[in-house]
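*Asks:* Okay, predicted coordinates and the sequence, questions at the end:
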Amino acid sequence: MSARIIHGEEGIRDSVELLRQGGVVGLPTETVYGLAGNAFDPKAIARIFEAKGRPLTDPLIVHLPEASWIERVVRFSSLEQREMVKRLAEAFWPGPMTLLLPKHPELPDLVTAGLGQVAVRVTAHPLFQKVLSRLNSPLAAPSANRFGRISPTSADDVRLELGDSIDLILDGGPCEHGVESTIVSIQGNHLEILRPGPITEEQLKEYGHVVSPGGIVNTPGSLPGHYAPKKRLKIIDSDIMSFPAKTRIGLMAFHTSVKEILGEFTSVELLSASGDLKEAAANFYGALRRLDESDVDLILAEPVPEEGIGVAIMDRLRRASYGSYHGTGHQDSNSPA
């Protein structure tokens, strides 16, 4: 039986009731749709992992309706850390910034994959905020897709991905940003961007020196093969010259035409006719999903400028390309995706 897609006040009410019963619900955020469960209910958290086919070693993001809730899931390690969080929250919350902070001991270990830090953010989506406030509990909510697959940016995407595994999807329309939140770790006065997103390095520089991670950090969406289509995906570069004549190729173009270089395409998706990176980000996952569901054999993607949110687009594109060639997104893969 496929999940119900429901709207408005009725959808909020039914979502809250299902969450109170320990269920999981597809909910809209301003970045991508999330699969939400009560963050303090281990059985609900287990249902999230089960529905997504997500390994228990991959931590979840916890969502709050406002910054004042943060000490329900976080135990600050210092006054300096608390002050930095306050400054960042005032600047970027509600919004697409996730902070990696010391976990409150009462938060179930399953949420953080047994780690001592929790990823937490305050969503700007009004429907998600209303559900949170009425439930009166933080929600754990990774993206509402099969593990490693293309993130959903509409209610229909969620039903396509998880419709047989969940009961309810609250329709909040298309997502504003279209790529996942920026994940930031606080190291003294330094900020580490662990996953690029809509909040850019330039914006964060006002609040501390921004550095690269000192090694591999286990955060939500950090695996190299995340966001992968089922079809092969290759980023266009100087090594691509031609393909066998019968190859059906789909093109995901940023805003320029590459037909003169590579010939005709079976299907074409244009991210932004004007070359607007924010528009391209909002359209990215939808375009990739349509190409993946089309009858093409191969998807070629035109790179975008790595500036602003373009850094996040290229991060997702590289991970999707890696996953498509290493089995993460393939239908014949042995992975949980």
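*Replies:* Received, thanks. Numbers count the residues shown, from 1 in each chain.

*Asks:* What residues does P28 make contact with?
*Replies:* With contact taken as Cβ atoms under 8 Å, 6 or more residues apart in numbering, P28 is in contact with 34, 125, 127-128, 155, 170-173, 175. Yep, even glycine has a C-beta here, placed from its N, CA and C like the rest.

*Asks:* try 7 Å
*Replies:* 125, 127-128, 170, 172, 175 (Cβ atoms under 7 Å, 6 or more residues apart in numbering).

*Asks:* Once you drop chain neighbours, what's closest to it?
*Replies:* G172 (2.9 Å; Cβ to Cβ, 6 or more residues apart in numbering).

*Asks:* where does the one you found land in three-state SS?
*Replies:* Three-state assignment for G172 (DSSP: H, G, I helix; E, B strand; the rest coil): coil.

*Asks:* and it, how far is that from H125?
*Replies:* Taking Cβ to Cβ, to the nearest Å as the measure, G172 falls 6 Å from H125.

*Asks:* So what's the residue count around the residue nearest to P28?
*Replies:* Using other Cβ atoms under 10 Å, G172 has 22 neighbouring residues.

*Asks:* same question, T247
*Replies:* Residues within reach of T247, counting by other Cβ under 10 Å, total 11.

*Asks:* Then V179 would be within a helix, right?
*Replies:* No: under three-state DSSP, V179 sits outside any helix and is assigned coil.

*Asks:* Can you tell me how far it is from F92?
*Replies:* Distance, V179 to F92, using Cβ to Cβ: 15 Å.

*Asks:* and those two? which has more neighbours close in?
*Replies:* More crowded of V179 and F92, by other Cβ under 10 Å: V179, with 27 against 24.

*Asks:* What are the contacting residues of stretch 63-72?
*Replies:* Residues from elsewhere that reach stretch 63-72, judged by Cβ under 7 Å, 6+ apart: 89, 93, 104, 120-123, 128-129, 132-133, 138-139, 141.

*Asks:* which among those end up buried?
*Replies:* 89, 93, 104, 120-123, 128-129, 132, 138-139, 141 (16 or more other Cβ atoms under 10 Å).

*Asks:* Just the ones of the residues you listed in helices?
*Replies:* Among the buried ones among the contacts of stretch 63-72, the members found in helices (DSSP state H) are 89, 128-129, 132.

*Asks:* Can you pull the domain assignment for this protein?
*Replies:* The chain breaks down into these domains under automatic domain parsing: 4-211, 232-325.

*Asks:* Count residues in the vicinity of G188, would you?
*Replies:* Neighbour number of G188 under other Cβ under 10 Å is 11.

*Asks:* Neighbours of A273, how many?
*Replies:* 9.

*Asks:* Show the contacting residues for it.
*Replies:* Here A273 is in contact with H255 (criterion: Cβ under 7 Å, 6+ apart).

*Asks:* T57 in helix, strand or coil?
*Replies:* Going by three-state DSSP: T57 is coil.
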